[in-house]
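Participant: sharing a model that was predicted from the sequence below.
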Amino acid sequence: METPQKAPEASEKKVLFSGIQPTGIITLGNYIGALKNWVALQDEYDCVYCVVDMHAITVRQDPANLRKNTLELLALYLACGIDPEKCLLFVQSHVPAHAELCWVLNCLTSVGELSRMTQFKDKSRKHADNVNMGLMDYPVLMVADILLYQAALVPVGADQKQHLELTRDLAIRFNNRYSPTFTVPEPYIPRQGARIMSLQDPSAKMSKSDPDENGFVAMTDPPEVIARKFKRAVTDSLACVKAGEDRPGVTNLMSIYAAFTGRTFGQIEDEFAGRGYGDFKAAVADAVIAALSPIQAEQKRLLADKAYLHGILAEGAQKAARLANKTLAKVYKKTGFYQL
Ligand code: ATP
Ligand code: LTN
């Protein structure tokens with residue numbers, strides 16, 4: 001089936017780029033911090049949304065799972081409301097220019113600046129038996145992703161801020177060393193929900209790799225599991241729904257509730273004045289279930305139509321490659337690679 005996707009170059013709108021790794025579980029944190037905003041921004045920008053499978057292999061992946069997760073993530077993008085007629089959707093490994101630009105950028109990046117990256121240090125600790133070069137080079141591949149499409153805006157969660165700073169640094173470094181080539185992008189980090197915390201340890205980011213499954217809500221969790229996880233969420237002994245720096249558990253639940261109801265913290269405090277955590281947690285769970293149920297059903301429906309999904313990816317790969325190769329050709333020329 002023909003799946004029309006508009007190429008970013010076809011309009012005057014600014015380009016927006018983002019990606020998520022197909023590493024299996026996608027959490028409520030990924031949704032609130034990233035995906036939800038992708039949907040909201042798709043009319044205002046020319047959006048390019050990528051399934052970053054090359055990033056995923058920086059930690060060990062089972063090949064069959066990686067393949068399965070890639071299509072599931074594409075289906076999730078669509079199920080969340082990303083419109084393939086408005087956005088360019090593709091898989092990173094389908095466009096060789098990502099690895100090619102990464103190589104050139106590697107030669108402009110110092111080992112020191114990569115070894116100081118917070119995510120690299122965290123992941124090196126978590127995967128101490130597999131501190132591979134890809135893990136260290138992860139941010140440079142991300143820089144290549146963004147710069148290839150001349151993106152002006154990159155919607156991500158707060159944990160990616162440092163990687164966006166490197167993106168800006170490398171874009172400016174290349175532009176200064178050669179001549180203006182790359183758009184220098186801005187991060188788009190939501191004011192609220194940029195860092196959804198673990199339901200079990202509100203001092204840690206909600207993460208899919210948390211060994212305690214009660215710490216995260218997966219986008220595919222059934223309603224009863226979601227309800228149970230919120231019921232068990234760690235709060236405090238004050239038993240009053242009020243936000244505060246000293247009350248990270250309740251504040252985190254309020255951020256989640258705010259993301260799905262559009263209410264402010266003040267409104268949430270009024271709504272639950274004089275009521276206990278039991279009521280509040282049930283309301284948060286209900287709001288999350290109401291939002292996720294239709295997404296889950298739609299993802300399932302889409303996954304039954306592989307031909308449709310393949311059509312989107314085939315066309316996406318072609319369009320993405322055309323855009324990416326345009327930038328890469330400029331880079332190769334300026335770098336001094338012999339042109340035929
Ligand atoms: P890991 O949990 O293994 O570190 P990750 O979820 O951060 O992985 P990705 O799947 O690539 O890695 O993240 C996709 C997007 O989700 C990024 O924009 C990231 O900033 C955002 N994100 C991830 N976790 C959270 C969170 N807890 N709160 C808000 N945004 C998040
Ligand atoms: N590192 C990102 C995923 C990612 C990304 C990107 C995000 C890879 N390439 C380009 C935005 C733009 C993460 O969220 N862990």
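Facilitator: Arrived safely, thanks for sending. Ligands and ions are numbered 1, 2, ... in the order given.

Participant: so how far is ligand 2 from Ile273?
Facilitator: Not quite, residue 273 is Ala, not Ile. Distance from Ala273 to ligand 2, counting by CB to the nearest ligand atom, to the nearest Å: 37 Å. Every C-beta, even on glycine, is put in place using the N, C-alpha and C of the backbone.

Participant: give me the pLDDT value at the spatially closest residue to that residue that is not a sequence neighbour.
Facilitator: Leaving out its chain neighbours, the residue that sits closest to Ala273 by CB to CB, 6 or more residues apart in numbering is Val241, at 7.6 Å. Looking at Val241, its pLDDT is 95.

Participant: burial count for Val241?
Facilitator: The tally of other residues near Val241 (other CB atoms under 10 Å) stands at 27.

Participant: return the residues of the protein in contact with ligand 2.
Facilitator: Contact residues (CB under 6 Å from any ligand atom) of the chain with ligand 2: 17-19, 21, 52, 55, 142, 145-146, 154, 156, 160, 163.

Participant: ok, now with 5 Å
Facilitator: 18-19, 52, 55, 142, 145, 154 (CB under 5 Å from any ligand atom).

Participant: and the furthest pair within the residues you listed?
Facilitator: For the residues of the chain next to ligand 2, the maximum inter-member distance is 14.2 Å, found between His55 and Val154 (CB to CB).

Participant: hey, where'd the helices end up in the stretch 101-250 of the chain?
Facilitator: 111-115, 118-126, 133-148, 161-177, 223-231, 248-261 (DSSP state H, counting those that start in this stretch).

Participant: any chance of those helices in CSV with distance to ligand 1, mean pLDDT and mean neighbour count as columns?
Facilitator: Listed next are the helices of the stretch 101-250 of the chain as CSV, based on distance: least, CB to the nearest ligand atom, whole Å; pLDDT from 0 to 100; neighbours: other CB atoms under 10 Å:
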stretch, distance to ligand 1, mean pLDDT, mean neighbour count
helix 111-115, 17, 96, 12
helix 118-126, 7, 94, 14
helix 133-148, 9, 98, 22
helix 161-177, 9, 98, 17
helix 223-231, 14, 98, 17
helix 248-261, 9, 97, 22
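
Participant: now the ones you listed in JSON lines, with distance to Met206?
Facilitator: Formatted as JSON lines, those follow (distance: least, CB to CB, whole Å):
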{"stretch": "helix 111-115", "distance to Met206": "26"}
{"stretch": "helix 118-126", "distance to Met206": "14"}
{"stretch": "helix 133-148", "distance to Met206": "20"}
{"stretch": "helix 161-177", "distance to Met206": "17"}
{"stretch": "helix 223-231", "distance to Met206": "11"}
{"stretch": "helix 248-261", "distance to Met206": "8"}
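
Participant: what about the residues of the chain next to ligand 2, which one has the most neighbours?
Facilitator: Asp145 (27 neighbours).

Participant: which ones are touching it?
Facilitator: Applying CB atoms under 8 Å, 6 or more residues apart in numbering, we find Asp145 in contact with 17, 19, 50, 52, 92, 98.

Participant: so which residues on the stretch 151-300 of the chain come close to ligand 1?
Facilitator: So far as CB under 5 Å from any ligand atom goes, the stretch 151-300 of the chain lies against ligand 1 at 156-157, 159-160, 195-196, 205-209.

Participant: closest one of those to Arg67?
Facilitator: Lys208 (18.0 Å).

Participant: quick one, phi/psi of the closest one?
Facilitator: Main-chain torsions, Lys208, degrees, to the nearest 10: phi -70, psi -20.
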